[in-house]
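Novice: model this:
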Amino acid sequence: MSLSQQMTHRACFFRPRSDAVSPIPAENCEVGIIHHQLAPTPQFEVHSMRVIQPEACVAIFERQPYWGPEMKRQFADHPILVRECRILGDLAPAVHDFSKAAFVIVMDDAPAECLAWLADQFIADNPIPRIVVGSSDFLPLEWSVREAGGMFMDDQNPRSNVARMCLRLLKHFPRTHFAAGCR
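Specialist: So this is what the prediction gives:
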């Protein structure tokens with residue numbers, strides 16, 4: 001097909017005949033086709049957006065958005081969904097449908113709640129890896145976090161280190177089932 005043929009636009013029209021009385025019944029109308037040339041348009045390069053189906057989920061507990069948007073940037077090229085939770089109880093349901101998942105918990109926002117939640121997850125034998133990010137004020141609690149099944153990372157670590165740790169945990173610790181006792 002030539003460029004001029006591609007540039008031809010066909011439009012159908014449906015209008016009342018000049019001798020028709022209104023309202024317009026179908027027998028009082030004429031149908032035709034108008035051909036006209038379209039002006040050439042510049043060629044645009046089309047970039048296709050690829051849709052990545054998430055294979056894993058990282059749920060982040062924090063009261064104010066900081067780590068969530070950062071992890072979304074860090075995982076932009078990975079099939080990982082990042083879900084931000086403002087309530088600790090929303091973490092487990094956020095990853096329920098994924099075979100690979102991890103939690104990132106910002107301890108500074110609610111230290112007592114975080115430790116209690118970690119203990120509950122440990123008792124429930126929840127296999128989902130838990131990274132706890134906290135300021136250096138919480139370094140004395142690192143062993144308590146570890147005993148409750150978490151991995152403590154000082155918030156002075158570069159954000160890319162936290163993202164790399166998530167990737168490593170997701171790669172090496174895919175969960176095979178969702179713990180029934182997970183709350």
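Novice: For the residue lying closest to Ser144 once chain neighbours are set aside, give me the pLDDT.
Specialist: Among residues not flanking Ser144 along the chain, Leu115 sits closest, at 6.3 Å (C-beta to C-beta, 6 or more residues apart in numbering). The way it works is simple: take the backbone N, C-alpha and C, and place the C-beta from them, glycine included. Listed pLDDT for Leu115 reads 92.
Novice: quick one, domains of the protein?
Specialist: Domain assignment of the chain by automatic domain parsing yields the ranges 3-37, 56-172.
Novice: okay, those, which one's buried deepest?
Specialist: Burial of those is given as mean neighbour count (mean count of other C-beta atoms under 10 Å); domain 56-172 ranks first at a mean of 18.
Novice: and the domains of the chain, which one's lowest on average pLDDT?
Specialist: When the domains of the chain are ranked by mean pLDDT, domain 3-37 comes last with a mean of 47.
Novice: Quick check: the gap between the nearest residue to Val106 once chain neighbours are set aside and Cys85.
Specialist: Nearest non-adjacent residue to Val106, counting by C-beta to C-beta, 6+ apart: Glu62, 4.1 Å away. Distance of Glu62 to Cys85, computed by C-beta to C-beta, to the nearest Å: 8 Å.
Novice: Would you verify that Ile131 is located in a strand?
Specialist: Yes: checked against DSSP: H, G, I helix; E, B strand; the rest coil, Ile131 lies within a strand.
Novice: Any figure for the gap between it and Ala124?
Specialist: Ile131 is 18 Å from Ala124, by C-beta to C-beta.
Novice: Same check on Asp154?
Specialist: In this view, Asp154 and Ala124 are 27 Å apart by C-beta to C-beta.
Novice: in the protein, which spans are strands?
Specialist: In the chain, strands defined by DSSP state E lie at 8-16, 29-37, 56-61, 80-85, 100-106, 130-134, 150-154, listed in chain order.
Novice: Partner strands of the last one, with direction?
Specialist: Which is strand 150-154. According to DSSP bridges, strand 150-154 has the following sheet partners: strand 130-134 (parallel).
Novice: How about residues contacting the partner strand?
Specialist: Contact with strand 130-134 is made by 67, 102-108, 111, 114, 118, 121, 141, 145, 149-155, 157, 162, 165-166, 169, as judged by C-beta atoms under 8 Å, 6 or more residues apart in numbering.
Novice: I'd assumed Met71 was in contact with the residue nearest to Val106.
Specialist: No: between Glu62 and Met71 there is no contact under C-beta atoms under 8 Å: 10.3 Å.
Novice: show me the contacts for the closest residue in space to Ala148 that isn't next to it in sequence.
Specialist: Leaving aside its chain neighbours, Ala148 sits nearest to Leu118 (3.7 Å; criterion: C-beta to C-beta, 6+ apart). Leu118 makes contact with Ile105, Arg130, Val132, Val145, Ala148, Gly149, Gly150, according to C-beta under 8 Å, 6+ apart.
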